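Undergrad: with the input below, show me the fold.
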Amino acid sequence: MEFVQGNSRIYPCLIAEGEADVYPRAPTMEWDTAAGHAVLLAAGGRVVGPGGQNIRYGKPDFRNGDFVAWGGRAASNGS
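TA: Reported below is the predicted structural model:
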């Protein structure tokens, strides 16, 4: 296992490219995650909260809670 530093804007793109597998993240703002989230979803990945719920956008305070982004087989298996 190798740990690679990234940020909420770039890391989902690394997952989409297959350069990373998973990205757990503490709270962020919507503008930190929206573009990378869209790229990862288009590549077949997932971004979910701790209970497996999808992250929602357009919240009054624009804050995201904790989430995990992943791609590849883990995303297609839902695990």
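Undergrad: for the chain, which helix is longest?
TA: In the chain, taking DSSP state H as the definition, the longest helix is helix 30-42.
Undergrad: now that helix, how far from the chain's geometric center?
TA: Centroid separation for helix 30-42 versus its chain: 7 Å, with C-alpha atoms, centre = their mean, to the nearest Å.
Undergrad: give me the mean pLDDT for stretch 41-59.
TA: Averaging pLDDT along stretch 41-59 yields 92.
Undergrad: give me the contacts around that stretch.
TA: The contact list for stretch 41-59, computed with C-beta atoms under 8 Å, 6 or more residues apart in numbering, reads 12, 15-17, 30, 33-34, 37, 40, 64-72, 75-76, 78. C-beta: built from backbone N, CA, C; applies to glycine.
Undergrad: which positions in it come out as buried?
TA: Neighbour-count burial for stretch 41-59 flags 41, 43, 45-48, 55 (criterion: 16 or more other C-beta atoms under 10 Å).
Undergrad: do stretch 26-42 as well
TA: Neighbour count says stretch 26-42 has 28, 30, 32-34, 36-37, 39-41 buried, by 16+ other C-beta under 10 Å.
Undergrad: and if you look at stretch 11-31?
TA: For stretch 11-31, by 16+ other C-beta under 10 Å, it's 11-16, 20-21, 23, 25, 28, 30.
Undergrad: save these as a markdown table, and put in pLDDT, secondary structure and distance to residue 60 too.
TA: Formatted as a markdown table, the buried residues of stretch 11-31 follow (pLDDT from 0 to 100; DSSP: H, G, I helix; E, B strand; the rest coil; distance: C-beta to C-beta, whole Å):
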| residue | pLDDT | secondary structure | distance to residue 60 |
| --- | --- | --- | --- |
| 11 | 78 | helix | 26 |
| 12 | 80 | helix | 24 |
| 13 | 81 | helix | 28 |
| 14 | 83 | helix | 31 |
| 15 | 84 | helix | 29 |
| 16 | 86 | helix | 29 |
| 20 | 81 | coil | 32 |
| 21 | 83 | coil | 33 |
| 23 | 85 | strand | 26 |
| 25 | 86 | strand | 21 |
| 28 | 90 | strand | 16 |
| 30 | 94 | helix | 11 |
